[in-house]
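**Student:** sequence unknown, structure follows:
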């Protein structure tokens, strides 16, 4: 029996909102690799982490932003994670073959994976047994140059679709600020222990009441040359495979041995 | 030189909001173990995951809810993660010796660790090198009976404070619905692969437009007897040590060997 080649279904989402240049660049980058459906937030949702909407109902509207590319698109009032859940249940009525999220305007390397709505959408897909990739570029600007990012995003999605993936696979991909010629290649990395050292700026409002703005300086505490932060600083595209079993197995063993209140 | 015993500073937060019975029960449970300071959200923040507030300023107000216990307390307009950051920078002006979060009204076992504001606050503390514990009870009711939870929360915080902890230690503790007599003890566990099988209920509003409510049925796909879900079903208090390095090391090795686009 001749195998008929099935067109893969590609779900695209993000956290910067459906009108962000990043998601449009991602859609254009993977166009032709399958049947693309976009379900993305109707407004920016940066820093939403793995938030879901519990106490409010969600709305979902078909939009025309991607009509010129002949791609079906929906905006949702919820978080990036809500978008993935709602897309599977109410738009696709099936699990897509892959879920891709981004391209986020701003880095999601190191600890940022935990705060990132882009990555949380990808992790949500993986929890739902949909292989997924979150893409981010180290450039917060809405005018970021996506040329190299587009090239490598397509290569990575092609790689993912070319062979069967473990169903919980989720990759955190970051692109350096570089031209395609400057990029040295793709590196599989571990998450660096690098984070923002926070500082809240205190101000006083016109009604004489204090308020605080979160700011921070990014500090890399990790000297490894196998991390995403190292790879990006050295002009590689970084790929960190991510898992959602957050058990700290080494500490588990240690507590079992040392805790006096354990049964 | 005789060592002077330092009174430990205990930061308390939650995601159900500062007026929830759970946080009051937690404060009462650990009273006397150190200098307690409460910094918690001014409204329910369930399901907020690791969300942080980026685009809006934060407010912080001293409140009198815990005056009867002679405990300093602040409410914050942000997420549970914001509360931890702001508490360290603008309330305590130092890292506390421990951060405890909860007691959450509702289970945070298995995959719920990722969606939970309670656990995200604890994880945030651990990222900031503050040992921490998130506590949750398998009872969503505001009238939940916290008798057993209080007993074991105190035992666990005493255990944590009794010896030096690795600075990134974070524990996910869940209490079964049970009396102190019914509880068999404390079990160190791994995170079960168990999750909600989601379903969105579709309704039509008075203006004839559709909206969706997230609902779900909890399903345990994990047959292990070393998981938090197993422990809770068998009347144990479950303790899962959590880590925030989300790298999937096994998959990392595999991708390094099999990906053709790797440098």
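**Tutor:** Now that the structure is in, tell me what you want to look at. None of these values were measured; they are calculated from a predicted model. Numbering: from 1, shown residues only, chains lettered A, B, ... in the order given.

**Student:** remind me what the helix-or-strand element of chain A with minimal mean pLDDT packs against, helices and strands.
**Tutor:** Taking mean pLDDT, DSSP states H and E as the measure, chain A has strand A:194-204 as its least confident helix or strand, at a mean of 90. Other helices and strands packing on strand A:194-204, by 3 or more CB pairs under 8 Å, 6 or more residues apart in numbering or on different chains; DSSP states H and E, are strand A:210-220, helix B:80-86. Using the backbone N, CA and C atoms, a C-beta is placed for each residue, glycine as well.

**Student:** residue in the stretch 101-250 of chain A nearest to chain B?
**Tutor:** residue A:185 (2.8 Å; CB to the nearest CB).

**Student:** per-residue pLDDT, the closest residue to that residue other than its chain neighbours?
**Tutor:** Sequence neighbours aside, residue B:263 is the residue nearest to residue A:185 in space, at 2.8 Å (criterion: CB to CB, 6 or more residues apart in numbering or on different chains). You'll see residue B:263 listed with a pLDDT of 75.

**Student:** ok, residue B:263 - contacts?
**Tutor:** A:184-187, A:236 (CB atoms under 8 Å, 6 or more residues apart in numbering or on different chains).

**Student:** just want the angle from the least confident helix or strand of chain A to strand A:210-220.
**Tutor:** 160 degrees (axes from the mean of the first three to the mean of the last three CA atoms, to 10 degrees).

**Student:** check whether the helix ranked longest in chain A contacts chain B.
**Tutor:** Across chain A, the longest stretch assigned as helix under DSSP state H is helix A:147-162. Yes. Shown here: helix A:147-162 in contact with chain B (CB under 8 Å from any CB of the partner chain) through A:155-156, A:159.

**Student:** most neighbours among those residues, please name it.
**Tutor:** residue A:156 (22 neighbours; other CB atoms under 10 Å in any protein chain shown).

**Student:** I'd say that one and residue B:255 touch.
**Tutor:** No. Judged on CB atoms under 8 Å, residue A:156 makes no contact with residue B:255 at a distance of 10.6 Å.

**Student:** joint contacts of those two?
**Tutor:** The contact lists of residue A:156 and residue B:255 share residue A:239, where a contact means CB under 8 Å, 6+ apart.

**Student:** and the residues of helix A:147-162 next to chain B, which is closest to residue B:70?
**Tutor:** Set against residue B:70, the nearest of the residues of helix A:147-162 next to chain B by CB to CB is residue A:156 (57.1 Å).

**Student:** so how far is residue B:154 from the closest one?
**Tutor:** According to CB to CB, to the nearest Å, residue A:156 stands 50 Å off from residue B:154.

**Student:** so what's residue A:211 closest to, chain neighbours aside?
**Tutor:** Using CB to CB, 6+ apart, the closest residue to residue A:211 is residue B:57 (4.0 Å).

**Student:** next, that neighbour: phi, psi?
**Tutor:** phi -80, psi 160 (degrees, to the nearest 10).

**Student:** adding pLDDT, write the residues of helix A:147-162 next to chain B out as a markdown table.
**Tutor:** Shown next, in a markdown table, are the residues of helix A:147-162 next to chain B (pLDDT from 0 to 100):
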| residue | pLDDT |
| --- | --- |
| A:155 | 97 |
| A:156 | 97 |
| A:159 | 95 |
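
**Student:** and these as TSV, adding distance to residue A:171?
**Tutor:** Putting the residues of helix A:147-162 next to chain B into TSV (distance: CB to CB, whole Å) gives the following:
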residue	distance to residue A:171
A:155	12
A:156	7
A:159	10
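
**Student:** closest to residue B:176 among those residues?
**Tutor:** Nearest to residue B:176 among the residues of helix A:147-162 next to chain B, with distances taken as CB to CB, is residue A:156, at 43.7 Å.
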